[in-house]
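Engineer: pasting the sequence and the predicted coordinates here, then a few questions.
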Amino acid sequence: MASMLEIQNVQVSIADKDILRGVDLKIKQGEIHALMGPNGSGKSTLAYALMGHPGYKVTAGQVTFKGIDVLELSPDERARMGLFLAFQYPVAIPGVTVANFLRTAINSRRKAEDPKDRGISIRKFRSLLREKMASLDMPEDVAGRYLNDGFSGGEKKRAEILQLATLEPDIAILDETDSGLDIDALKIVAGGVNQLVGPDLGVLVITHYQRVLRYIQPDRVHVMFEGRIVESGGADLAHQLEERGYEWVRAAHGNGVGA
């Protein structure tokens, strides 16, 4: 049975300010969902809340993954279960190479699944990493560089996709992965995502713009406004947003202060 991430009436506040006001969403392995909306609508807040960021307080609602209430779990426990977040602004970790970071993450997940697991061998890991980097057309010397330290914007986003490819989660949340990318870098990153899409991976693409959805084709598109999902539909909904902007969403669903 495919794993499912189920979000029910989730409400989130930051520093006592209400941001999400009741979000409902279901994502299964094998599905691609896009979450769109204007600045301040709560899209990234949803991503961080799902992964357990301590600054985002879930005040109501439920989030289940594989039938388990993830709100009771720490961020690392959620990640080991198979949830993944690609950040809009990936942070640099000087002193930790890409290879060491990925091998540690893989072993952490394996240990969680089987406490007796001794971890992936260096030989098998090197083979796996070479395979994944080749599939993403990444030079092998990236493995020896410190994670995101001195990386360009495009390199950081490709490193996020490398993590996605190597860790093989069940559900991946891509928080504005297209942000700051030129068209060539966008095509490369989107191509990497498309290589990974399949029955074992569910994806939530968070974006302002339709352009990334020209390369990553969503099954469902959702529009968030003032902390709620106010419209859902097929891929054509993204085309409507591209043509009409978000003014029609504001007109149809109110003119509040945003989230």
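Structural biologist: Received, thanks.

Engineer: now the strands for the stretch 51-200 of the chain?
Structural biologist: According to DSSP state E, counting those that start in this stretch, the stretch 51-200 of the chain carries its strands in the segments 57-65, 68-69, 83-86, 93-97, 146-147, 171-175.

Engineer: deepest-packed of these, please.
Structural biologist: Relative to the other members of these, strand 171-175 carries the highest mean neighbour count by mean count of other CB atoms under 10 Å, namely a mean of 26. Yep, even glycine has a C-beta here, placed from its N, CA and C like the rest.

Engineer: contacts for it next, please.
Structural biologist: If you take CB atoms under 8 Å, 6 or more residues apart in numbering as the criterion, strand 171-175 is touched by 3, 5, 27, 29, 43-44, 47, 50-51, 65, 82-88, 164, 193, 201-206.

Engineer: rerun that using 6 Å as the cut-off
Structural biologist: 5, 27, 44, 47, 83-88, 164, 202-206 (CB atoms under 6 Å, 6 or more residues apart in numbering).

Engineer: so of those residues, which ones are in helices?
Structural biologist: Members of the contacts of strand 171-175 lying in helices (criterion: DSSP state H): 44, 47, 164.

Engineer: quick one: pLDDT of the nearest residue to the last one once chain neighbours are set aside?
Structural biologist: Leaving aside its sequence neighbours, residue 164 sits nearest to residue 172 (CB to CB, 6 or more residues apart in numbering; 5.5 Å). At residue 172, the model reports a pLDDT of 97.

Engineer: if I look at residue 172, how far off is residue 197?
Structural biologist: The spacing between residue 172 and residue 197, counted by CB to CB, to the nearest Å, is 10 Å.

Engineer: and the contacts of stretch 236-255?
Structural biologist: Residues from elsewhere that reach stretch 236-255 (CB under 6 Å, 6+ apart): 36, 38, 210, 213, 221, 223, 225, 230.

Engineer: repeat that with 7 Å
Structural biologist: For stretch 236-255, the surrounding residues in contact (CB atoms under 7 Å, 6 or more residues apart in numbering) are 34, 36, 38, 210, 213, 221, 223, 225-226, 230-231.

Engineer: so can I have TSV of the strands of the stretch 51-200 of the chain showing distance to residue 134?
Structural biologist: TSV is the format used below for the strands of the stretch 51-200 of the chain (distance: least, CB to CB, whole Å):
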stretch	distance to residue 134
strand 57-65	31
strand 68-69	35
strand 83-86	20
strand 93-97	18
strand 146-147	20
strand 171-175	21
